[in-house]
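Asks: no sequence for this one, just the structure:
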Ligand code: FES
């Protein structure tokens with residue numbers, strides 16, 4: 001779990017939740033969560049660039065839509081896994097379905 005204030009200084013942050021590395025982003029009024037590990041060769045996405053709803057992997061420039069996980073630009077060939085986010089007060093909760 002993370003706090004809204006965790007994303008106030010920088011809109012993208014890696015958090016460790018239930019043994020998984022998750023990237024959390026704040027875009028407009030929304031929060032999104034997705035695997036921090038790029039589906040190409042494992043680049044740390046939270047260390048990449050966030051531009052609007054697009055995250056760019058710092059290793060080879062692969063791009064994903066943070067809202068859906070859709071692949072926007074190779075070299076990755078697989079989409080990112082995303083997770084539902086729930087805001088409760090100051091808390092950002094990530095919902096895992098498995
Ligand atoms: S590891 Fe992300 S584009 Fe290669």
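Replies: Thanks, I have the structure now. Given the structure is predicted, the values throughout are model-derived calculations rather than measurements.
Asks: Around the ligand, which positions in this structure sit nearby?
Replies: 38, 40, 41, 42, 43, 57, 59, 60, 61, 62, 75, 76 (Cβ under 6 Å from any ligand atom). Any C-beta I mention is one placed from the backbone N, CA and C, and that applies to glycine too.
Asks: Kindly reformat these as a markdown table containing pLDDT.
Replies: Below are the residues of the chain next to the ligand laid out as a markdown table (pLDDT from 0 to 100):
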| residue | pLDDT |
| --- | --- |
| 38 | 98 |
| 40 | 98 |
| 41 | 98 |
| 42 | 98 |
| 43 | 98 |
| 57 | 98 |
| 59 | 98 |
| 60 | 98 |
| 61 | 98 |
| 62 | 98 |
| 75 | 98 |
| 76 | 98 |
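Asks: okay, among those, which ones form the most distant pair?
Replies: 42 and 61 (14.5 Å; Cβ to Cβ).
Asks: Between these two, tell me which one has more neighbours.
Replies: residue 61 (15 against 11; other Cβ atoms under 10 Å).
Asks: just the helices in this protein please.
Replies: With DSSP state H as the criterion, the chain has no helices.
Asks: who does the longest strand anywhere in the chain touch, helix- and strand-wise?
Replies: As assigned by DSSP state E, the longest strand anywhere in the chain is strand 20-27. Contact partners of strand 20-27 among helices and strands, from 3 or more Cβ pairs under 8 Å, 6 or more residues apart in numbering; DSSP states H and E: strand 12-17, strand 30-35, strand 91-94.
Asks: For the second one, give me every contacting residue.
Replies: Contacts to strand 30-35, defined as Cβ atoms under 8 Å, 6 or more residues apart in numbering, come from residues 4, 7, 20-25, 45, 55, 64, 66-67, 69, 80-85, 87, 92, 94.
Asks: same thing with the shortest one?
Replies: The list of residues contacting strand 91-94 from outside it, by Cβ under 8 Å, 6+ apart, reads 1-4, 6-7, 15, 17, 22, 24, 31, 33, 83-87.
Asks: And for residue 67, nearest residue in space, chain neighbours not counted?
Replies: Nearest residue to residue 67 in three dimensions, chain neighbours excluded: residue 53, at 5.3 Å (Cβ to Cβ, 6 or more residues apart in numbering).
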